[in-house]
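Q: Pasted the sequence and its predicted model underneath.
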Amino acid sequence: MAEALKNQEESRIILPNASWGTYERLLAEREERRYPRFFYDRGVLEILSPSAEHDRISRLIAALVELLAEEADADIENAGSTTFKREDLSRGFEPDECFYFGSNAGRVRELVADKGDIELDAGDPVPDLVVEVDITRPSLDKLPIYARLDVPEVWRYSSGRLNIFKRANETLAGEDPGYAPTPESDLLPGATGDVLTRFVAEGLSLDRRLWRRGVREWARDQGH
């Protein structure tokens, strides 16, 4: 029983003095496997192996985004947990889920069809929305990574609640304020943190068909 419980837990390892070369080598050695995932921030490397619960919630939020976008007649592209990195900024991440909206969605489809990957070092766009699920307390704060790479919006699920963060404006002193909590998504108007939290909670217990029907009905009632 103890071993079974251990296997359900997330595994997080922090390497505090990792070079960019080490980060690149570990990415290459993983090849096409989904796990582990890597986050890199100026010499600090986190290695994450998500739990089944983590992945279940992540997939549920992705389905929620896609349903709301469809009802809003918004073009999106789900880039999943693609590796995003900028060597010049010494940062990299692999989100639980991420999405491109509008013209960026079309651009990314063309990029992937042309060269098979998204390369920030080559000037390709960052996701418009990143989803982060925290089942256990994170060892590495990911928001500064997303902020430095200019991700416009982040949805973070933690302690049973989904919160929305919007990229803040630069301060007059030129400092980077990172993200500010916001009640409603800029990308999917009407989608508030309270509404999204409720849908995630319902999705974890309801028949998925009933859940999808409820999300669609709510979206249509909003005039989407």
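A: That came through, no problem.
Q: give me the low-pLDDT residue ranges for the protein?
A: 1-9, 137-138, 170-177, 223-224 (pLDDT under 70).
Q: Could you pull out the strands in this protein for me?
A: Using DSSP state E, the strands of the chain run over 11-15, 37-41, 44-49, 76-78, 84-86, 91-93, 97-101, 129-134, 153-158, 161-167, 179-181.
Q: what would those strands look like in JSON lines with distance to residue 70 and mean neighbour count?
A: Backbone N, C-alpha and C define where each C-beta goes, glycine included. Shown next, in JSON lines, are the strands of the chain (distance: least, C-beta to C-beta, whole Å; neighbours: other C-beta atoms under 10 Å):
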{"stretch": "strand 11-15", "distance to residue 70": "34", "mean neighbour count": "14"}
{"stretch": "strand 37-41", "distance to residue 70": "27", "mean neighbour count": "21"}
{"stretch": "strand 44-49", "distance to residue 70": "30", "mean neighbour count": "19"}
{"stretch": "strand 76-78", "distance to residue 70": "8", "mean neighbour count": "19"}
{"stretch": "strand 84-86", "distance to residue 70": "25", "mean neighbour count": "20"}
{"stretch": "strand 91-93", "distance to residue 70": "27", "mean neighbour count": "23"}
{"stretch": "strand 97-101", "distance to residue 70": "12", "mean neighbour count": "24"}
{"stretch": "strand 129-134", "distance to residue 70": "15", "mean neighbour count": "23"}
{"stretch": "strand 153-158", "distance to residue 70": "17", "mean neighbour count": "22"}
{"stretch": "strand 161-167", "distance to residue 70": "19", "mean neighbour count": "19"}
{"stretch": "strand 179-181", "distance to residue 70": "27", "mean neighbour count": "13"}
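Q: any chance of these in CSV, with distance to residue 66 too?
A: CSV is the format used below for those (distance: least, C-beta to C-beta, whole Å):
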stretch, distance to residue 66
strand 11-15, 28
strand 37-41, 21
strand 44-49, 24
strand 76-78, 7
strand 84-86, 20
strand 91-93, 21
strand 97-101, 8
strand 129-134, 11
strand 153-158, 13
strand 161-167, 15
strand 179-181, 23
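Q: quick one: which of the ones you listed is nearest residue 190?
A: With C-beta to C-beta as the criterion, residue 190 lies closest to strand 161-167 of those, at 12.1 Å.
Q: Tell me the neighbouring strands of that closest one, and mark each as parallel or antiparallel.
A: strand 153-158 (antiparallel), strand 179-181 (antiparallel) (DSSP bridges).
Q: For residue 144, find the nearest of these.
A: With C-beta to C-beta as the yardstick, what comes closest out of the strands paired with strand 161-167 is strand 179-181 (9.1 Å).
Q: now the closest one, how far from the centre of its chain.
A: The chain centroid and the centroid of strand 179-181 are separated by 15 Å, computed with C-alpha atoms, centre = their mean, to the nearest Å.
Q: Could you number the chain from 30 rather than 1 from now on?
A: Got it, the first residue is 30 from now on, which makes the last one we talked about strand 208-210.
Q: quick one: contacts of it?
A: Identification of contacts with strand 208-210 by C-beta atoms under 8 Å, 6 or more residues apart in numbering yields 172, 175, 176, 183, 192, 193, 194, 195, 196, 197.
Q: Likewise for stretch 94-103?
A: 104-105, 107, 126, 128, 130-131, 158, 160, 216-218, 220, 241, 244-245, 248-249, 253.
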